[in-house]
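**Student:** any chance you can model this:
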Amino acid sequence: MHIPDIKSFLNTEVQLFQEVTYPAKTILLNEGQISAKMFFVENGALREYFYQDGRELTLEFVTENQAVASFDSFLNASPSEFLIETLEPSTVYELTADSFRKLLENQEFQQEFNTLFYKRFSEISKRLMSFIKYSPQERYEQLLKNRPELLLRFPQHYIASYLGITSVSLSRIRNRK
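**Tutor:** I've put the predicted structure just below:
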């Protein structure tokens, strides 16, 4: 979820956020754990992923000015279905569920969050449709067009996992270019 103006909320509601810096490869949320925090990325990169049949499958990359949480877990106190991990040293602003509820009392934050939530829902719907409608080659081309920085920033096996293919398949796709 992209947060275009988090600084304004951080400045006005600074006591509700905690700034924390984590090293790379830090697990912020485990699968099966109740999510107690939402993370707003100041700098660095995080990844949402889960395991299936012994393989890591990447749901999303979260970079600067984006937010992440296992929203179902965060809002409903249910076990998370995925992990959140830092891929790089990352500085995040953490927001607890109680603080989030307090922020939702602020009408400006509520409107901004609703807009962002709907935008994120749209992004997730498009990503889901891409797995139904498009070939791996077409998904790669979409990634190259829409988020090329990810291809330079993250290892090939993470990109392949994000595209729903193997690293070998991704190499073949890249070599066709």
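**Student:** hey, let's count contacts and neighbours off CA atoms from now on
**Tutor:** Will do.
**Student:** so what secondary structure elements neighbour the longest helix seen in the chain?
**Tutor:** Criterion DSSP state H: the longest helix present in the chain is helix 107-133. For helix 107-133, the elements it packs on are helix 97-104, judged by 3 or more Cα pairs under 8 Å, 6 or more residues apart in numbering; DSSP states H and E.
**Student:** quick one: buried residues of the helix it packs on?
**Tutor:** For helix 97-104, the neighbour count (16 or more other Cα atoms under 10 Å) marks Ala97, Ser99, Phe100, Leu103, Leu104 as buried.
**Student:** export those to JSON lines and tack on pLDDT and distance to Glu81?
**Tutor:** As requested, the buried residues of helix 97-104 are arranged in JSON lines below (pLDDT from 0 to 100; distance: Cα to Cα, whole Å):
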{"residue": "Ala97", "pLDDT": "88", "distance to Glu81": "18"}
{"residue": "Ser99", "pLDDT": "87", "distance to Glu81": "23"}
{"residue": "Phe100", "pLDDT": "87", "distance to Glu81": "21"}
{"residue": "Leu103", "pLDDT": "84", "distance to Glu81": "26"}
{"residue": "Leu104", "pLDDT": "85", "distance to Glu81": "25"}
